[in-house]
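K.L.:
Return a 3D structure for these sequence lines:
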Amino acid sequence: MTELDVPWAAWYGTVPLTMRFPAGWQVDTFRMRGGDDIGDAGIRRALASPIGAPPLRQLAADASTAAILVDDLSRPTPAFRLLPYVLEELGAAGIADDGITIIGALAAHRPMTRDDFIKKVGADVVDRYRVVNHNAYENLEFLGYSSLGVPVFVNRDMMGCQIRIAMGMITPRGGMFGGGAKLLIPGACGQQTIMLNHRHVHGEPFRPHLSEVARMAGLGYIVNPVLNEALDIVDLVAGDPDDAFERGCELAATRYGTDMPAAGSVDIGVFNAFPKDTELCQAGLALVPLGGCAHDPMSESATVIIASACPEGAGWHSVLGPGTALKGRPGPPQRRTFLYSPGVNRYDCEAQFGPHVTLFRDWDAMLGELQRLHGEAARVAVFPTGAMQMAAA
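P.N.:
From the prediction side, this is the model:
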């Protein structure tokens, strides 16, 4: 047997998943280009030379309050590494600890527990600062309508602070990048804003609309890393939400870029949802590198495998989750698709993907079915961190 270890269960352990394949199969691994961790010096350098904005300690010099948005465990952003530096900058500006609020920008996801926040921002921060969850249904301030007619409801705790910072990360999402203003909308917006933005704003207007809403809400600064396969920080941008984000996307396109298999050369594609594998709601993001490829690397009779640990099970999304108006009834995938996930059952799988995706909770059982379908000479392509990879330009 050929064995390959891939990262598994972000935020819930460090033990990899060992994938096993028959010795006669050709197994190739396609990794992002990545890079080395920038370390303490690199983080300080990025904050000392922000893009399109003064250093945070200057920006906040006349302020007494600040809000910092952080994402939840469905995203791998290492806020625990970055927050000490940002808090140091705010302290240098004269903002006291009790003037700082850290907000879990959950969008329509479940609330974070104390243990979740300890993982995300660190125990010292949880014990020392005001750390709260965003609520998409209450504690909102109405700011008016965007130019596209979307009503803009934003977290009131954030709006009550003079300095407003978003600490998300830049990550490929298929045709676009997450990060920048996207942590505000949908992250810290109301349910109506989230739903109508998802329903009506698509394509070219999508990103400008995020920027417009961020300006309406007074978002003045972002701190966004780019990560490697080991979740080290390989690049960091800070500064203006638009200018810094634009530069971050340029860096991310190189770091996350993955050389793809040739057209029609793959019989079995294994797309690991790490590091967005905490719940089934996010598992489809494993296919981002496939969706962004200019050619189709899969053969006519290929099987696609989505692998996701799902330690939190099916997960929760009140706008795009199963049973919601925007989710609808899942249609059949383009090609035969298997889901390998020990953390969910067949009802979870059908609710998320419909009856057309086959769930396997045991690797060997899935391997037996793959051998039946593809014989003893299959060509396999493995994407170890599919949810954070993109087809290289």
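
K.L.:
Just give the nearest non-adjacent residue to residue 209, would you?
P.N.:
Using C-beta to C-beta, 6 or more residues apart in numbering and skipping the chain neighbours, the partner closest in space to residue 209 is residue 201 (4.9 Å). Glycine gets a C-beta too; all of them are placed from N, C-alpha and C.

K.L.:
Run a quick check on the one you found versus residue 182, I expect a contact.
P.N.:
No - the pair residue 201 / residue 182 is not scored as a contact, 12.0 Å apart, by C-beta atoms under 8 Å.

K.L.:
which parts of stretch 101-120 are buried?
P.N.:
Across stretch 101-120, burial judged by 16 or more other C-beta atoms under 10 Å covers 101-110, 112, 116-120.

K.L.:
now, which of the residues you listed sits nearest residue 44?
P.N.:
Nearest to residue 44 among these: residue 102, at 20.6 Å, using C-beta to C-beta.

K.L.:
The closest one bridge partners, please.
P.N.:
Bridge pairing for residue 102 (DSSP bridges) gives the partners residue 68, residue 131.

K.L.:
doesn't residue 127 make contact with it?
P.N.:
No - between residue 102 and residue 127 there is no contact under C-beta under 8 Å: 12.0 Å.

K.L.:
Next up, the contacts around residue 199.
P.N.:
Taking C-beta atoms under 8 Å, 6 or more residues apart in numbering, we find residue 199 in contact with residue 326.

K.L.:
name the element it belongs to?
P.N.:
If you go by DSSP states H and E, residue 199 is part of helix 191-200.

K.L.:
mind saving the C-alpha coords of the very next helix or strand once past that helix as PDB?
P.N.:
The C-terminal neighbour of helix 191-200 among helices and strands, as given by DSSP H and E, is helix 206-216. Taking C-alpha atoms only, helix 206-216 is exported to PDB below (Å, rounded to 0.1, in the frame of the first residue of the first chain):
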ATOM      1  CA  PHE A 206     -19.800  41.700  -5.100                       C
ATOM      2  CA  ARG A 207     -16.400  43.000  -3.900                       C
ATOM      3  CA  PRO A 208     -17.200  46.700  -4.500                       C
ATOM      4  CA  HIS A 209     -20.400  46.200  -2.500                       C
ATOM      5  CA  LEU A 210     -18.400  44.800   0.500                       C
ATOM      6  CA  SER A 211     -16.100  47.800   0.400                       C
ATOM      7  CA  GLU A 212     -19.100  50.200   0.300                       C
ATOM      8  CA  VAL A 213     -20.700  48.600   3.300                       C
ATOM      9  CA  ALA A 214     -17.400  48.600   5.100                       C
ATOM     10  CA  ARG A 215     -17.000  52.400   4.500                       C
ATOM     11  CA  MET A 216     -20.600  52.900   5.700                       C
END
